[in-house]
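Q: Generate a structure from the sequence data that follows.
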Amino acid sequence: MGELVGMRPRDPKYAAIPLPEAPHIDASVAYVAARSPISDPYARFQQAEKMKRAEMIKNTKTYWVPWETIHERNPQQIPDRREKVSLPPFLIMQGALDDNVLPSLQEKFAAS
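A: You can find the predicted model right below:
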């Protein structure tokens with residue numbers, strides 16, 4: 001998830017693979033550009049349930065193991081919990097007709 005790389009470049013969960021040739025480099029980025037990012041995976045899961053998208057529900061449950069990590073590593077819930085993060089510029093490109101990742105969720109993330 002590109003948003004997490006931007007928000008938590010020094011978090012060991014996301015920077016666990018050392019680069020022996022450059023041990024002092026972290027995963028910091030100058031900016032994040034994302035097309036229809038999943039800014040709130042739990043809200044997307046709820047939307048999949050609402051739309052009865054069985055494959056998307058299954059894939060979500062397969063990816064988020066253990067299930068609690070869908071909240072812990074949720075780009076939207078991190079600022080909602082007022083956790084300290086890096087805030088590089090974000091460019092979010094979102095289709096107005098997307099009914100998997102609702103545009104209103106991206107607007108909420110941008111406002112956060």
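Q: contacts and neighbour counts: CA atoms only from here.
A: OK.
Q: Number of residues surrounding Pro75?
A: Residues lying near Pro75 (other CA atoms under 10 Å) number 22.
Q: Let me see the backbone angles for it.
A: Per-residue torsions, Pro75: phi -50, psi -30 (degrees, to the nearest 10).
Q: check contacts around it.
A: Glu3, Leu4, Ser39, Asp40, Phe109 (CA atoms under 8 Å, 6 or more residues apart in numbering).
Q: Which of those fall within helices?
A: Counting by DSSP state H, the part of those found in helices is Glu3, Leu4, Phe109.
Q: In contact with the second one, which residues?
A: The reference is to Leu4. Residues counted as contacts of Leu4 (CA under 8 Å, 6+ apart) are Tyr14, Arg73, Pro75.
Q: Now do the SS call for the residue in the chain sticking out farthest from the centre.
A: Most distant from the centre of the chain: Glu21, at 28.6 Å, with distances by CA atoms, centre = their mean. Assigned with DSSP: H, G, I helix; E, B strand; the rest coil, Glu21 falls in the coil class.
Q: For it, report the pLDDT, please.
A: Note for Glu21: predicted pLDDT of 91.
Q: the helices in the chain, which residues?
A: Under DSSP H, the chain gives helices at 2-7, 41-51, 54-63, 69-72, 77-80, 103-111.
Q: Of all these, which one is nearest Gly95?
A: Closest of those to Gly95 is helix 103-111, at 7.1 Å (criterion: CA to CA).
Q: next one: the closest one to chain centre, how far?
A: Distance, stretch centre to chain centre, for helix 103-111: 12 Å (CA atoms, centre = their mean, to the nearest Å).
Q: which parts of that helix are buried?
A: Neighbour-count burial for helix 103-111 flags Pro103, Leu105, Gln106, Phe109 (criterion: 16 or more other CA atoms under 10 Å).
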